[in-house]
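>>> test case, fold it:
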Amino acid sequence: MIPADSFGPGFFRLVLACFVMVSHVSALNVGEPAVFVFFMLSGYWVSLMYLHKYAHHPRPLQVFYLSRFLRVWPPYAAAVVLSILTTGILTGTAPTQFLPGIALFGVASTGLDALNVSWALDIEMQFYLLLPFALVAVRGWSPTLLFALSVLGAVLGWWLYLGIGLKTVLCYLPMFAAGMLVAMRDITFSNRAVTLATLGFVAVIAVFFINDTLRAFFIKTRPSPFNEEWMTMGLMLLLLPFVAWNVRQKSGWLDAHFGNLSYTVYLLHFPVIANVSTLMGGGLTRTEKLILPLAVAVISVFFYIIIDRPSEAFRRRVMKKQFGKVPA
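Numbers count the residues shown, from 1 in each chain. Presented below is the predicted three-dimensional model:
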């Protein structure tokens, strides 16, 4: 019997990663909304982690940055190298132009994205750099002021991107700020509020699909009638009560694995889809496309066991030594 705590925050992150995969095997534009919810979750989890753990270390910045680097970059770098090598073997031409993107920072601006999802990891890493300073700067600020400033930051971020092509965490600051607020202020919602907000979100999405004009927002083959990023942020913020509820659910050992596996699925799904499609000659039928999620699942589990788990175990050993040096 599967424990009741197997479908908590970790499983939710895996579902979001699967939404990103669905977006890459269909015409549905559901990947970007899922990524924006990931940003909200990062705002919560990483803020909580820093406040409860790293902020009390004598060298909080160095240890926090080291921990985040060791969690994100090694699996990412392995996925990039494997993607380039596999593509080279299957097509005879390795896309080595993506190799500079292995540095991760700047991928969102340069487009050197071998995995087709690395831009979001670049934004995440920028958020990690900013977070310790932001937590100190906004201490004591009202939630309304903090969120309003995050919107102004987003306006500045998009001005920079549209003006000089520099894409930064500022573009998505409202999503991170929402998660930060939940962590910093320990914001909770009643079960009734969560239910009503979630039903309201579902109703709004239903209206989008019912309306012929608004439906274009979720269909990649049709031009959207409005700015997709801003509309996506607005829609996903409607899920804030659900997110605040979800992060406080019990998480057992299986749920923890689901959550960790979500990162592997996120990293690998696009290169797996592209290479399996190449093997099958491209132009896949709907039935043949059912093979793609299965291939992603199998390869992701192998990558998770062989690369991601050992990498995480190494990070934990490094962090144990760092905190072992701290006087009681």
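
>>> elements contacting the helix ranked longest in the chain?
When the chain is parsed with DSSP state H, its longest helix is helix 60-91. Packing partners of helix 60-91 (3 or more CB pairs under 8 Å, 6 or more residues apart in numbering; DSSP states H and E): helix 31-52, helix 118-137, helix 253-279, helix 291-303, helix 309-324. Heads up, the C-betas are built off the backbone N, CA and C, glycines and all.

>>> could you pull up the mean pLDDT of it?
Computed over helix 60-91, the mean pLDDT rounds to 96.

>>> could you do stretch 181-196 as well?
94.

>>> next: stretch 277-294.
The average of the pLDDT scores along stretch 277-294 is 81.

>>> show the end-to-end separation of that stretch, please.
With CA to CA, to the nearest Å as the measure, stretch 277-294 spans 13 Å from end to end.

>>> adding mean neighbour count, write the helices and strands packed on helix 60-91 out as JSON lines.
Below are the helices and strands packed on helix 60-91 laid out as JSON lines (neighbours: other CB atoms under 10 Å):
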{"stretch": "helix 31-52", "mean neighbour count": "21"}
{"stretch": "helix 118-137", "mean neighbour count": "19"}
{"stretch": "helix 253-279", "mean neighbour count": "21"}
{"stretch": "helix 291-303", "mean neighbour count": "17"}
{"stretch": "helix 309-324", "mean neighbour count": "13"}
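
>>> quick revisit: buried ones in the longest helix of the chain, by neighbour count?
Residues 63-68, 70-76, 78-80, 82-84, 86-87 are the ones in helix 60-91 that count as buried (16 or more other CB atoms under 10 Å).

>>> Throw the helices and strands packed on helix 60-91 into TSV and include distance to residue 147, thanks.
Converted to TSV, the helices and strands packed on helix 60-91 look like this (distance: least, CB to CB, whole Å):
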stretch	distance to residue 147
helix 31-52	11
helix 118-137	13
helix 253-279	27
helix 291-303	35
helix 309-324	32
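
>>> so for residue 196, which of those sits nearest?
Of all those, the one in closest proximity to residue 196, counting by CB to CB, is helix 31-52 (18.8 Å).

>>> elements contacting that closest one?
Looks like helix 31-52 contacts helix 9-25, helix 60-91, helix 118-137, helix 173-184, helix 228-237, helix 240-246 (3+ CB pairs under 8 Å, 6+ apart).

>>> how far away from the center of its chain is the longest helix of the chain?
15 Å (CA atoms, centre = their mean, to the nearest Å).

>>> give me the low-pLDDT residue ranges for the stretch 101-250 of the chain?
Within the stretch 101-250 of the chain, the stretches with pLDDT under 70 are 225-226.

>>> hmm, try it at 80
221-227 (pLDDT under 80).

>>> what are the contacting residues of stretch 39-58?
9, 13, 60, 63-64, 67-68, 120, 123-124, 127-128, 131-132, 135, 172, 175-184, 236-237, 239-240, 243-244, 247, 322-323, 326 (CB atoms under 8 Å, 6 or more residues apart in numbering).

>>> cutoff 6 Å now
For stretch 39-58, contacts defined as CB atoms under 6 Å, 6 or more residues apart in numbering pick out 60, 63-64, 124, 172, 175-176, 178-180, 182-183, 243, 247.
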